[in-house]
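> Sequence and predicted structure, then a few things I'm wondering about:
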Amino acid sequence: MRKTGTHAVVDKIADLQKRGYSSDFVVMDNQLFCTQQKIFLRNDEFDINEVHSFPHTNSRNETILFGIESERHG
């Protein structure tokens, strides 16, 4: 049985963390802001390794979760 909604997102975040993804980011001013390290990443400072899409059941919206890596920032 496939999980939907918040549970699926939380489970995927936990999976990414188990595999070494350790920081959270939010989009600010067309850059990614790392909430733990308090740094900004420009689009040329990271690579996207994984993309996970979670459609919302009663709307056209979806949550997109990216697994990214930055050589410059570890």
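Done, it's in.
> quick one: the strands in the chain?
25-28, 31-34, 39-41, 47-55, 62-69 (DSSP state E).
> Adding mean pLDDT, write the ones you listed out as TSV.
Shown next, in TSV, are the strands of the chain (pLDDT from 0 to 100):
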stretch	mean pLDDT
strand 25-28	92
strand 31-34	94
strand 39-41	94
strand 47-55	94
strand 62-69	92
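> and those as TSV, adding distance to Asp15?
Heads up, the C-betas are built off the backbone N, CA and C, glycines and all. Formatted as TSV, the strands of the chain follow (distance: least, C-beta to C-beta, whole Å):
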stretch	distance to Asp15
strand 25-28	17
strand 31-34	20
strand 39-41	22
strand 47-55	9
strand 62-69	9
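> So which of these is nearest Ala8?
strand 47-55 (5.5 Å; C-beta to C-beta).
> Residues contacting that closest one, please?
The contact list for strand 47-55 (C-beta atoms under 8 Å, 6 or more residues apart in numbering) reads 4-5, 8-9, 12, 16, 61-70.
> try stretch 60-73
Residues from elsewhere that reach stretch 60-73 (C-beta under 8 Å, 6+ apart): 9, 12-13, 16, 21, 25, 32, 34, 37, 39, 41, 45-56.
> Just the buried ones among those residues, please.
Neighbour-count burial (16 or more other C-beta atoms under 10 Å) is assigned, among those, to Val9, Lys12, Leu16, Tyr21, Phe25, Leu32, Ile39, Leu41, Phe46, Phe54.
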